[in-house]
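Peer 1: fold the following for me, if possible:
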Amino acid sequence: MTKAAHDPDFPPRLLEFMRAGWLDQPLDVRPQPAVPHYARRRAELTRAFPGETLVIPTGPAKIRANATLYRFRPGSDFSYLTGDHDPDSVLFLRPGGDAVLYTHQRSSRETDEFFRDRAGELWAGRRRTLGEKTTELGVDTAPLADLDAALARCAPGRTRVLRGLDARVDAAVPADGVRDRALAAAIAELKLVKDEWEIAQLQEAVDATIRGFEDVARALPADRGVSERLVEGVFGLRARHDGNDVGYGSIVCAGAHATILCWKRNDGFTAPGQLLLMDMGVEGHQLYTADLTRTLPVSGVFTPLQREVYDIVHAAQQAGIATVKPGVKFADVHLTCMRALAEGLVELGVLKVSADEAMDPSSMHYWRWTLHGFGHMLGTDVHDCATARPERYRGGELSAGNVLTVEPGLYFQPEDDLVPAELRGIGIRVEDDILVTAEGAVNLSGALPSRADEVESWLAAQREAGPRLP
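Peer 2: Numbers count the residues shown, from 1 in each chain. Below you'll find the predicted structure:
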């Protein structure tokens, strides 16, 4: 334990006094409801690599500045397989299906770690005992102090590691890029199809996100500007109250900021007559996140030109959603959305070629104003399953149980000399979270209006209702 500059010098008699007189009070822990799901996932992953040891770390807490840390968020793949939310833990899956979770034990009262170390229990809160964690997560546990010995026993050529999360683990086991990437891909591909429990978690996150959008609409004045950070903060309150946190940094774009796809500074201000684009999602307690975007007219009503552009984007989104069903190629949903946008750009007079010519792979002139694909998979990451093989994801077909976003947009940069002046600085995106079922698409976020006239009515109703506490 390293002494920091602000740590006092403790006299021996105080150290002795601090170590004595503590009760041992066990926690009343119970198995998490998702324990069977974690066990099934571990079994499926083990079967994919018979005779091999798989090492999946969660990673340590990350330094924000000097001695302060970011709030810890477990590794997505690790939590998907364990349900554990504590830092530094490492999951071992061994041949035959044995699973062991190496994790922190309770702070001993026989040393001064529990009250002097910033990770000690008087600083960070009571830890689970190994037995308590085994009960809660349904997996065998071992002290983190034994991790180095376990890593030393990992046989080269028969061990795969989920890399890039824990430098201690990466250094201990020789890397095998092909084999290690195959492990990451296998986990991602397990996550492609959500079961009923996962869908329920996503629906909870979506519902909380809708409440967050309502909160923002109730705090958004029509006749004066407010900071983008106020919007971010109002939504963040809902995310922390109803879930774990925001699922990603909230994108709050007033006016021309909406033409910047991943605007995160959020240091602008709304203004009457402008649009406000908000791309935000609540991450639930089990780390499943929503991802919704709405573009609102700050004054309450779209101008005719804003409405014309909005309707193009909304029509493209609805066309994409209508395409979604099992067996449809992921790329075909993209092409459906992009064609609708290209046709709209022709009608606006922005595209000077036909939609057919613009859609030709050798041209793709529409991309100047669309800038991104139609969407992505969603789950315990906002861009879930990112390490899946192309043939199983972006180059593959949709399957029942996939959850994905559909989020086309149009963005006319303020300095774009190829568009009429009245379009410059307008950015519009509409995004919903879509479940693929055997029958087709189910919009998990359909309770949040997206059609232009419905958006106007919804915004008016929220403003009339006024602010509320969570």
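
Peer 1: could you use CA atoms for every contact and neighbour count after this?
Peer 2: OK.

Peer 1: I'd say F269 and V226 touch.
Peer 2: Yes: F269 lies in contact with V226 (CA atoms under 8 Å); the separation is 5.3 Å.

Peer 1: where is the longest helix in the chain?
Peer 2: In terms of residue count, the longest helix belonging to the chain (DSSP state H) is helix 196-218.

Peer 1: give the buried residues for it.
Peer 2: Applying a neighbour-count criterion of 16 or more other CA atoms under 10 Å, the buried positions in helix 196-218 are 198-199, 201-218.

Peer 1: excluding its backbone neighbours, what's nearest the residue positioned nearest the centre of the chain?
Peer 2: Geometric centre of the chain, nearest residue: V382, 3.1 Å, by CA atoms, centre = their mean. When the adjacent residues along the chain are set aside, V382 lies closest to T289, with 6.2 Å between them (CA to CA, 6 or more residues apart in numbering).

Peer 1: next, L276: secondary structure please.
Peer 2: Judged by DSSP: H, G, I helix; E, B strand; the rest coil, the three-state class of L276 is strand.

Peer 1: report the contact partners of it.
Peer 2: Contact criterion CA atoms under 8 Å, 6 or more residues apart in numbering gives 252-255, 258, 270, 295-298 as the residues in contact with L276.

Peer 1: next one: it from V313, what distance?
Peer 2: Here the criterion is CA to CA, to the nearest Å. By it, L276 lies 15 Å from V313.

Peer 1: next, the buried residues of stretch 138-158.
Peer 2: Taking 16+ other CA under 10 Å as the basis for neighbour counts, the residues of stretch 138-158 that come out buried are 138-142, 144, 147, 151, 154.

Peer 1: what residues does that stretch touch?
Peer 2: Contacts made with stretch 138-158 from outside it, assessed by CA under 8 Å, 6+ apart, are listed as 31, 35, 39, 51-53, 82, 89, 99-105, 130-131, 133-134, 169, 172-174.

Peer 1: rounded mean pLDDT for that stretch, please.
Peer 2: For stretch 138-158, the mean per-residue pLDDT is 96.

Peer 1: next one: stretch 447-461
Peer 2: pLDDT averaged over stretch 447-461 equals 98, rounded to a whole number.

Peer 1: and if you look at stretch 22-38?
Peer 2: Looking at stretch 22-38 alone, the average pLDDT works out to 93.

Peer 1: ok, stretch 287-306 next?
Peer 2: Stretch 287-306 shows a mean pLDDT of 98 in the predicted model.

Peer 1: what does stretch 243-252 give?
Peer 2: Across stretch 243-252, pLDDT averages out at 98.

Peer 1: outside of it, which residues touch it?
Peer 2: Outside stretch 243-252, the residues within contact range by CA under 8 Å, 6+ apart are 205, 208, 228-229, 231-232, 236, 239-240, 258, 262-264, 266, 276-291, 381-382.

Peer 1: now, which of those residues lie within strands?
Peer 2: Secondary-structure check on the contacts of stretch 243-252 using DSSP state E: residues within strands are 276-280, 282-283.

Peer 1: residues of stretch 315-324 that come out buried?
Peer 2: Of the residues in stretch 315-324, those with enough neighbours to count as buried (16+ other CA under 10 Å) are 315-321, 323-324.

Peer 1: possible to save those as a markdown table with secondary structure, distance to R181 and pLDDT?
Peer 2: Listed next are the buried residues of stretch 315-324 as a markdown table, based on DSSP: H, G, I helix; E, B strand; the rest coil; distance: CA to CA, whole Å; pLDDT from 0 to 100:
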| residue | secondary structure | distance to R181 | pLDDT |
| --- | --- | --- | --- |
| A315 | helix | 39 | 98 |
| A316 | helix | 35 | 98 |
| Q317 | helix | 34 | 98 |
| Q318 | helix | 36 | 98 |
| A319 | helix | 35 | 98 |
| G320 | helix | 32 | 98 |
| I321 | helix | 32 | 98 |
| T323 | helix | 32 | 98 |
| V324 | coil | 29 | 98 |
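
Peer 1: mind checking the end-to-end distance for stretch 283-301?
Peer 2: End-to-end distance for stretch 283-301: 31 Å, by CA to CA.

Peer 1: nope, stretch 131-150 is what I was after
Peer 2: Taking CA to CA, the first and last residues of stretch 131-150 lie 19 Å apart.

Peer 1: for stretch 209-229, same thing?
Peer 2: With CA to CA as the measure, the ends of stretch 209-229 fall 17 Å from one another.

Peer 1: run through who's touching it.
Peer 2: Contact partners of stretch 209-229, identified using CA under 8 Å, 6+ apart, comprise 231, 234-236, 238-239, 252-254, 266-272, 280-282, 290, 292, 298-300, 445, 447-448, 459, 462-468.

Peer 1: from the residues you listed, which land in helices?
Peer 2: For the contacts of stretch 209-229, the ones inside helices are 231, 234-236, 238-239, 459, 462-465, with DSSP H as the criterion.

Peer 1: of those residues, keep whichever come out buried.
Peer 2: Buried positions within the ones in helices among the contacts of stretch 209-229, assessed by neighbour count (16+ other CA under 10 Å), are 231, 234-236, 238-239, 459, 462-463.

Peer 1: could you dump the residues you listed to a markdown table with distance to A342?
Peer 2: Converted to a markdown table, those look like this (distance: CA to CA, whole Å):
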| residue | distance to A342 |
| --- | --- |
| V231 | 32 |
| V234 | 36 |
| F235 | 33 |
| G236 | 35 |
| R238 | 37 |
| A239 | 36 |
| L459 | 29 |
| Q462 | 34 |
| R463 | 35 |
